[in-house]
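Peer 1: no FASTA, just this:
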């Protein structure tokens, strides 16, 4: 595998997860557009199916679908747990990602040392 | 002598309980010609999609009532309401519909739909079906139109009129109904039904609190 591709993908993933987490933490529940934006980003970055989102929130899959296509949305009072869940999921994936980044960096530095030693 | 009070629980029906819910529904529709029978696949799909709700008797764990809320075209239909004869008259049917309505209003805000016209929340009731009519009227549903289904388009179990058609009414949920629903969840209901039976909504305390807040926050909404 290309080490460069690994590093780039990992860095992008870290950036996306961090931004998603920060958006979910700071999003206003009153902002309808923001709700859909965070949900769409979460679906992409966390690779969530509509069914998985529905199961987590105890709503129907078509309900999630209608949120995503902008037809309906939940009352602001229901949105905080959605954001909390997304922030927690993003944080959890970041924790999984960190050791991989460290391992990759350690790998690079040992390779650099090998190169320097020849 | 009044029956001894019992305890009940209301929650969404899990996929794993869909077969049980279908057996219940089939038994009801076999004996009641006013309830539109749904297929096993439909009941399963409603359960999979978390839009089927049930009431269980705590002591035996047995399912004693169901209702579903499904979006059909530009409406949300509350349907399939049925309560086991051993539990009728306790307010369980009414509580089931209240839970289903609250769930729908909070998670989907049909009256705030970005699509026009606003989505109505409706129930279809057979002309001769008195019990649910009373429940829905009591919850603030009003008559919106008469519905006539030709005999050849209706399930064989449904009762026909003299012309061979299945006749009923469409009722729609109103703003007054929503205000009453919010008041019931926020102020009136303390876990005990009118005849002393205990009832718990199995939704998690935080979600239930959010649901109450959502209903309070929706009181100004109008279906028109």
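Peer 2: Thanks, I have it. Please read all numbers here as calculations on a predicted model, not as lab measurements.
Peer 1: which parts of chain A sit against chain B?
Peer 2: A:54-55, A:57-63, A:66, A:70-78, A:80-81 (C-beta under 8 Å from any C-beta of the partner chain). Just so you know, the C-beta spots here come from the backbone N, C-alpha and C atoms, and that holds for glycine as well.
Peer 1: packing partners for the lowest-mean-pLDDT helix or strand in chain A?
Peer 2: Each helix and strand of chain A was given a mean pLDDT (mean pLDDT, DSSP states H and E); the minimum falls on helix A:79-117 at a mean of 85. If you count contacts as 3 or more C-beta pairs under 8 Å, 6 or more residues apart in numbering or on different chains; DSSP states H and E, helix A:79-117 packs onto helix A:3-26, helix A:32-45, helix A:50-57, helix B:205-217.
Peer 1: okay, the angle between it and helix A:32-45?
Peer 2: Our comparison of helix A:79-117 with helix A:32-45, counting by axes from the mean of the first three to the mean of the last three C-alpha atoms, to 10 degrees, yields an angle of 40 degrees.
Peer 1: what residues sit buried inside helix A:79-117?
Peer 2: A:79, A:81-83, A:85-87, A:89-90, A:93-94, A:101 (16 or more other C-beta atoms under 10 Å in any protein chain shown).
Peer 1: closest one of the residues you listed to chain B?
Peer 2: Within the buried residues of helix A:79-117, the smallest distance to chain B is 6.7 Å, found for residue A:81 (C-beta to the nearest C-beta).
Peer 1: surely the closest one and residue B:206 touch.
Peer 2: Yes: assessed by C-beta atoms under 8 Å, residue A:81 is found in contact with residue B:206 at 6.8 Å.
Peer 1: okay, the helices and strands packed on helix A:79-117 in a markdown table with mean pLDDT and mean neighbour count next?
Peer 2: Formatted as a markdown table, the helices and strands packed on helix A:79-117 follow (pLDDT from 0 to 100; neighbours: other C-beta atoms under 10 Å in any protein chain shown):
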| stretch | mean pLDDT | mean neighbour count |
| --- | --- | --- |
| helix A:3-26 | 94 | 14 |
| helix A:32-45 | 96 | 16 |
| helix A:50-57 | 88 | 17 |
| helix B:205-217 | 94 | 17 |
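Peer 1: quick check: mean pLDDT of the longest helix along chain B?
Peer 2: Assignment by DSSP state H gives helix B:92-108 as the longest helix of chain B. Helix B:92-108 shows an average pLDDT of 95 in the prediction.
Peer 1: residues in contact with the residue nearest to the spatial centre of chain B?
Peer 2: In chain B, the residue lying closest to the centroid (C-alpha atoms, centre = their mean) is residue B:97, at 3.4 Å. Residues near residue B:97 by C-beta atoms under 8 Å, 6 or more residues apart in numbering or on different chains: B:67, B:78, B:81, B:135-136, B:139.
Peer 1: one more time with 6 Å, if that's ok
Peer 2: Residue B:97 makes contact with residue B:67, according to C-beta atoms under 6 Å, 6 or more residues apart in numbering or on different chains.
Peer 1: and it, how far from residue A:15?
Peer 2: Per C-beta to C-beta, to the nearest Å, residue B:97 is found 47 Å from residue A:15.
Peer 1: likewise for residue A:70?
Peer 2: 27 Å.
Peer 1: chain A contacts on chain B?
Peer 2: With C-beta under 6 Å from any C-beta of the partner chain as the criterion, chain B meets chain A at residues B:12, B:49-51, B:106-109, B:113-115, B:210, B:213-214, B:217.
Peer 1: after the helix or strand hosting residue B:23, which helix or strand is next?
Peer 2: Taking DSSP states H and E as the definition, residue B:23 sits inside helix B:18-31. Once helix B:18-31 ends, the next helix or strand along the chain (criterion: DSSP H and E) is helix B:40-48.
Peer 1: quick one: contacts of that next one?
Peer 2: By C-beta under 6 Å, 6+ apart, the residues outside helix B:40-48 that reach it are B:13, B:15, B:18, B:21-22, B:25, B:52, B:68.
Peer 1: how about a cut-off of 7 Å?
Peer 2: Helix B:40-48 is touched from outside by B:13-15, B:17-18, B:21-22, B:25, B:52, B:68, B:70, with contacts defined as C-beta atoms under 7 Å, 6 or more residues apart in numbering or on different chains.
Peer 1: so which of the residues you listed is the most crowded?
Peer 2: Across the contacts of helix B:40-48, neighbour numbers were computed from other C-beta atoms under 10 Å in any protein chain shown; residue B:52 holds the maximum, 30 neighbours.
Peer 1: what's the pLDDT at it?
Peer 2: According to the prediction, residue B:52 has pLDDT 94.
Peer 1: excluding chain neighbours, what is closest to it?
Peer 2: For residue B:52, ignoring the flanking residues on the chain, the nearest one in space by C-beta to C-beta, 6 or more residues apart in numbering or on different chains is residue B:46 at 3.9 Å.
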